[in-house]
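Chemist: could you work out the structure for the sequence below:
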Amino acid sequence: MIKIRKHLQKDIPCRVKWLSNPSINKFIGDEAGQKTTLKKEEEWFANYEKAKNKKFFTICDDSKPIGFMGLSNISKSNRNADLFIAIGEDDYRGKGIGNIAIKWLIDYGFKKLKLHKINLGVIKDNRHAIKVYRELGFIIEGKMKDEVFYKGKYHDFLSMAIFNSRK
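Modeler: Coordinates of the predicted model:
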């Protein structure tokens, strides 16, 4: 059973594993394909705990962590935020878990945080993710040409958003 809980310090080793996995990190992070270390993630977590504009969650299969997601750049004045998600365990991708988790996160953003708009960015080559986002109601707002450099070539980046129509 899929469960979602607050992102905890004990999740750091999972973050290191997932963010260093080439099948995951080619589509996420500030620098696609970049690996991480325990030290970097411990520093990241210490900064995260101080941040007021971020909410991170761990996606679990019962109690086993299998990925993470959250909202960053939460703006109370503009009532928007940026969504991100990574299903970290290879065996769990392509099974609809991301869909379940994103629905939960959209609901959290619109109901709990009272957001008007949730944004996300996605590399255009990540066709599976784009299909899922569209099915959930996200629309493409723009395209940034050659925005991400990965494995020796540039990739286009799409800006997508969903709006709270449940006012």
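Chemist: tell me which element Phe57 is part of?
Modeler: strand 55-61 (DSSP states H and E).
Chemist: so which elements touch that strand?
Modeler: Packing partners of strand 55-61 (3 or more C-beta pairs under 8 Å, 6 or more residues apart in numbering; DSSP states H and E): strand 2-6, strand 64-75, helix 97-107. From N, CA and C alone the C-beta is placed, and that goes for glycine too.
Chemist: list the buried ones in the first one?
Modeler: Residues of strand 2-6 classed as buried by neighbour count (16 or more other C-beta atoms under 10 Å): 2, 4.
Chemist: what about the strands in this protein?
Modeler: 2-6, 55-61, 64-75, 80-87, 117-123, 139-150, 153-163 (DSSP state E).
Chemist: tell me what angle the fifth one forms with strand 139-150.
Modeler: Orientation check (axes from the mean of the first three to the mean of the last three C-alpha atoms, to 10 degrees): strand 117-123 against strand 139-150 gives 40 degrees.
Chemist: from the contact counts, what lies against strand 117-123?
Modeler: strand 80-87, helix 127-135, strand 139-150, strand 153-163.
Chemist: of all those, which lies closest to Leu115?
Modeler: When the helices and strands packed on strand 117-123 are compared by C-beta to C-beta, strand 80-87 sits nearest Leu115, at 5.8 Å.
Chemist: quick one: mean pLDDT for that closest one?
Modeler: Averaging pLDDT along strand 80-87 gives 95.
Chemist: can you check stretch 101-118 too?
Modeler: Stretch 101-118 comes out at a mean pLDDT of 97.
Chemist: before we move on, what about stretch 125-136?
Modeler: 92.
Chemist: for this structure, where's the lowest mean pLDDT among helices and strands?
Modeler: helix 22-25 (a mean of 76; mean pLDDT, DSSP states H and E).
Chemist: now do that one: distance to the chain's middle.
Modeler: 13 Å (C-alpha atoms, centre = their mean, to the nearest Å).
Chemist: for this protein, longest helix please?
Modeler: Ranked by residue count under DSSP state H, the longest helix found in the chain is helix 38-50.
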